[in-house]
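> requesting a structural model of the entry that follows:
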Amino acid sequence: MLVAFSVSPLGGESDSVAEAVAAAVRVVRESGLPNETNAMFTLVEGEWDEVMAVVKRATDVVGAVSPRVGLVLKADIRPGYAGQLRAKVERVERHLAAD
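Alright, predicted model coming up:
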């Protein structure tokens, strides 16, 4: 399972979400699951229960500092496949290189 998610605080006194988002990303990185963070989403790969547990913990740490939390989640559920965090990108890059 490959999940792209974004979690951030809503409301509060500051427009900056970086500190809360960093706490959520720290949860993902400490999980030991393959992951990647970009400007908009954090991707994490693993089995359903372990990935969803990480998403929940990341959401909980943001909720600890904000009265309201926004969560966006997209999942690619493909049993029997692993290593898709890199493999999907590599397939696209091969097509681009062929042009």
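> other residues contacting stretch 4-14?
The contact list for stretch 4-14 (C-beta atoms under 8 Å, 6 or more residues apart in numbering) reads 17, 20-21, 24, 40-44, 55, 58-59, 62, 65-75. Glycine gets a C-beta too; all of them are placed from N, C-alpha and C.
> narrow those to those that are buried.
Among these, those classed as buried by 16 or more other C-beta atoms under 10 Å are 17, 20-21, 24, 41-44, 55, 58-59, 62, 66, 69.
> can you pull the phi/psi pair for Arg78?
phi -140, psi 80 (degrees, to the nearest 10).
> could you measure from Phe41 over to Val25?
Using C-beta to C-beta, to the nearest Å, one obtains 11 Å as the distance from Phe41 to Val25.
> residue contacts, the residue most central in space within the chain?
Centroid-nearest residue in the chain: Thr42, 2.9 Å away (criterion: C-alpha atoms, centre = their mean). Thr42 is in contact with Ala4, Phe5, Ser6, Ala24, Val25, Val28, Asn35, Glu36, Ala58, counting by C-beta under 8 Å, 6+ apart.
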